[in-house]
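Engineer: below are the sequence and a predicted model; questions follow.
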Amino acid sequence: MRPGVDTIIVNYRTPDDLNRCLRAHEDFGVPESDTWVVNVSPEDADLKVDLFWTGNEHPRVHHIIHHANVGYAKAVNHAASLGDREVIAIFNADTALTPDVMSSCLEALQANEDWGVLGPRQVDDAGRITSAGIFGTHQAPAHRGWREANSEKFGDVKEAITVSGSAYFIKRPVWEMLTECPVYKELHPEALGAFLPTQHYYEETWCSYHTYAHSYKVMYFGPACMIHQWHKASRMGVAEQQMKPSQTMFRHACESHGIPHD
C-alpha cells in the first residue's frame, strides 16, 4: 500500500463541473495522489474534458468510462478497486476543493487511529450549507444546517452517524475490511467495494453504518470547508425515483448485519 490518496471523481453529464472539479484538485490537491475520473453514461462534452485532463501533462489522472448508467456506488467501487494508496477520497463532479481542504482532511484522518471515515463541511456557491454532518442516532439520523448560511457554528469536529457521499474520505484498510466483511460478501458478492451497490442513494450511508459496526468512527470535520453544488448531476425528481428500492436494500443489509437503522 502506497502513501497518499486515491481520489475518485464521478461525473454524470456535468462537463463544466467536472472541469472545475479537476482544476481545483490540480490547484489544491496533494502531491502523493492518483485521480480516477469515472464518466458514467458520458456524452461527447464529458469525454472532451477527460481527454484534456488525462493526457501526457497529467499522468496521474486516469479515465474510466461506464457507457451504461451503473450508478454512483458501482462507479466508486470500480475505481477504488484499481488504486493502492492509504486513503480513498470520493467526490461528486459538482464539488470543488478550496485551499488546504485535502491536506487537512487527510492529516486529521491519518492522525486518529480509530477514525475510519471523515467528511468536510460543504457549501454551495452562494455560501449555503449543503453538508454539515448527519447526527442523532442510527435509528433517527438528523441532518444539520441544510441550506442555512455558512457560519463558524458548523466548524466543529464531531462524531457523526454519516457524512455526505459527495466528499467522503475513508482509510483504505477500513474500505477493504468492509468490502471483505463476510456478511456483506454474502449479500453482495458482486460488489467491488464498500459502497452498497444501489442505483442511487444510501450507498455511503451503508458504508458509514457498516464502519461504525466494525468499531471505527465516522467524523464530521468542520474546519475544512469546500464547495458542493447540490443536485447538479441529475434533474429534480429523476434520482428520487430510486429512493425506495435503495432504502429497502439498505435496510436489508443493516438487518442482516445487526445494525440499527431508521
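Structural biologist: Right, received. Where do you want to start? Residues are numbered from 1 along each chain as shown.
Engineer: CA atoms only: put the helix or strand where residue 227 lies into PDB for me.
Structural biologist: Element membership of residue 227, judged by DSSP states H and E, is strand 217-228. Extracted in PDB, the C-alpha atoms of strand 217-228 (Å, rounded to 0.1, in the frame of the first residue of the first chain):
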ATOM      1  CA  LYS A 217     -15.600   6.300  14.000                       C
ATOM      2  CA  VAL A 218     -17.300   8.400  11.300                       C
ATOM      3  CA  MET A 219     -16.300  12.000  11.800                       C
ATOM      4  CA  TYR A 220     -17.600  15.300  10.600                       C
ATOM      5  CA  PHE A 221     -14.700  17.700  10.100                       C
ATOM      6  CA  GLY A 222     -16.000  21.200  10.000                       C
ATOM      7  CA  PRO A 223     -12.600  23.100   9.900                       C
ATOM      8  CA  ALA A 224     -12.300  22.000   6.300                       C
ATOM      9  CA  CYS A 225     -14.900  23.700   4.100                       C
ATOM     10  CA  MET A 226     -15.300  23.100   0.300                       C
ATOM     11  CA  ILE A 227     -17.800  23.600  -2.500                       C
ATOM     12  CA  HIS A 228     -20.700  21.200  -3.300                       C
END
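Engineer: I'd like to know which elements that strand is packed against.
Structural biologist: Contact partners of strand 217-228 among helices and strands, from 3 or more CB pairs under 8 Å, 6 or more residues apart in numbering; DSSP states H and E: strand 95-96, helix 101-111, strand 115-123, strand 157-159, helix 203-213. Where you see a C-beta, it was placed from the backbone N, CA and C, and this is true even at glycine.
Engineer: relative to the helix or strand just after the third one, what are the paired strands and their orientations?
Structural biologist: Right, the one you point to is strand 115-123. Downstream of strand 115-123, the next assigned helix or strand under DSSP H and E is strand 129-131. Using DSSP bridges, strand 129-131 pairs in its sheet with strand 115-123 (antiparallel).
Engineer: which residues touch the partner strand?
Structural biologist: Contacts with strand 115-123, where a contact means CB atoms under 8 Å, 6 or more residues apart in numbering, come from 95, 101, 105, 108-109, 129-133, 150, 154-155, 160, 163-164, 166-171, 174, 207-208, 211, 214, 216-228.
Engineer: before we move on, back to that, out of the helices and strands packed on strand 217-228, deepest packed?
Structural biologist: strand 115-123 (a mean of 26; mean count of other CB atoms under 10 Å).
Engineer: quick one: mean pLDDT for that one?
Structural biologist: Per-residue pLDDT values over strand 115-123 give a mean of 98.
Engineer: any idea how far that strand is from the middle of the chain?
Structural biologist: Offset of strand 115-123 from its chain centre (CA atoms, centre = their mean, to the nearest Å): 9 Å.
Engineer: what's the angle between that strand and helix 203-213?
Structural biologist: With axes from the mean of the first three to the mean of the last three CA atoms, to 10 degrees as the basis, strand 115-123 and helix 203-213 are set at 140 degrees to each other.
Engineer: by how many degrees do strand 115-123 and strand 217-228 diverge?
Structural biologist: Going by the same axes, to 10 degrees, strand 115-123 makes 30 degrees with strand 217-228.
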